[in-house]
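K.L.:
Sequence below, structure please.
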Amino acid sequence: MAKGTHNPADSHEQVIVHPQLHQRGHEIQPFGSVRHLVPLDLEEVVRIEVTDRLNHLLADTMTLRDLYKKSHWQVTGPTFYQLHLLFDKHYGEQLEIVDAIAERIQALGGVSIAMAADVAETTSIERPPRGREQAPVQISRLVDAHYKVISRVRKDARRAAELGDDGTNDLLVSQVLRTNEMQLWFLIEHLVDVPLTKAQE
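P.N.:
This is a model prediction of the structure:
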């Protein structure tokens, strides 16, 4: 260092950094729009339609995810242990789907729905009561929710294929649809009326 040059490291001066709190500002992208800078070889009108469909699916999937966690916490009865574990396993799988759908929306240049109040306004899945319900009722609610998700996914996957959005079609079929079909199968088998401890002759 040249003679006479001040080196901050040689001084005992304190540098105080103050956080900039309570910041607010305008939205940098409105909900329902898509950015123009995403080079996916998909027209803007296609990406707008697909992201809108995906946001409705995302709202239903987030609701189903949370319905599983509610059931996991509140389940009771002779099958408590099995259902407690099953509900939590399915919750984890739905959590992965939520992330995959949201990231697909973002990859298409859109804005994914995120907050609970917005999800509640958008979902087509019936809201359960706050209190505890019987295990068969919990399972039936989950089954009904899966039916809604599966029906939506099939329509959205076909539409994505028609629009030439192979990436969305692949996500919906290979991850969302197949996972929901598998989970639905596991649930329905718990609703079969068979003896629990004594076989019928």
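K.L.:
which residues in this structure form helices?
P.N.:
For the chain, applying DSSP state H gives helices covering 44-74, 80-107, 116-122, 135-162, 166-171, 178-188.
K.L.:
Could you tell me how far L163 is located from G109?
P.N.:
Separation of L163 from G109 (CB to CB, to the nearest Å): 15 Å. C-beta here means a position set from N, CA and C on the backbone, and glycine is covered the same way.
K.L.:
quick one on the thing from earlier: and the helices of the chain: which comes nearest S33?
P.N.:
helix 44-74 (7.5 Å; CB to CB).
K.L.:
Give the other helices and strands that the closest one contacts.
P.N.:
Taking 3 or more CB pairs under 8 Å, 6 or more residues apart in numbering; DSSP states H and E as contact, the helices and strands that helix 44-74 lies on are helix 80-107, helix 116-122, helix 135-162.
K.L.:
got those helices as TSV, with mean pLDDT columns?
P.N.:
Output for these, formatted as TSV (pLDDT from 0 to 100):
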stretch	mean pLDDT
helix 80-107	97
helix 116-122	97
helix 135-162	97
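K.L.:
Could you export these as TSV, including mean neighbour count?
P.N.:
Below are the helices and strands packed on helix 44-74 laid out as TSV (neighbours: other CB atoms under 10 Å):
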stretch	mean neighbour count
helix 80-107	17
helix 116-122	13
helix 135-162	18
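K.L.:
Out of those helices, the one nearest Q74 is which?
P.N.:
Proximity to Q74, assessed across those by CB to CB, is greatest for helix 135-162 (7.4 Å).
K.L.:
Show me how far the closest one is from its chain's centre.
P.N.:
Put simply, helix 135-162 sits 13 Å off its chain's centre (CA atoms, centre = their mean, to the nearest Å).
K.L.:
Any idea how many residues pack against the closest residue in space to F87 that isn't next to it in sequence?
P.N.:
Using CB to CB, 6 or more residues apart in numbering and skipping the chain neighbours, the partner closest in space to F87 is H72 (3.9 Å). As a burial measure, H72 scores 18 neighbours (other CB atoms under 10 Å).
K.L.:
follow-up on the earlier one: list just the one of the helices of the chain that sits closest to Q29.
P.N.:
Among the helices of the chain, the nearest to Q29 by CB to CB is helix 80-107 (10.3 Å).
K.L.:
Centroid-nearest residue for this protein?
P.N.:
For the chain, the residue sitting closest to the mean C-alpha position, by CA atoms, centre = their mean, is V98 at 2.2 Å.
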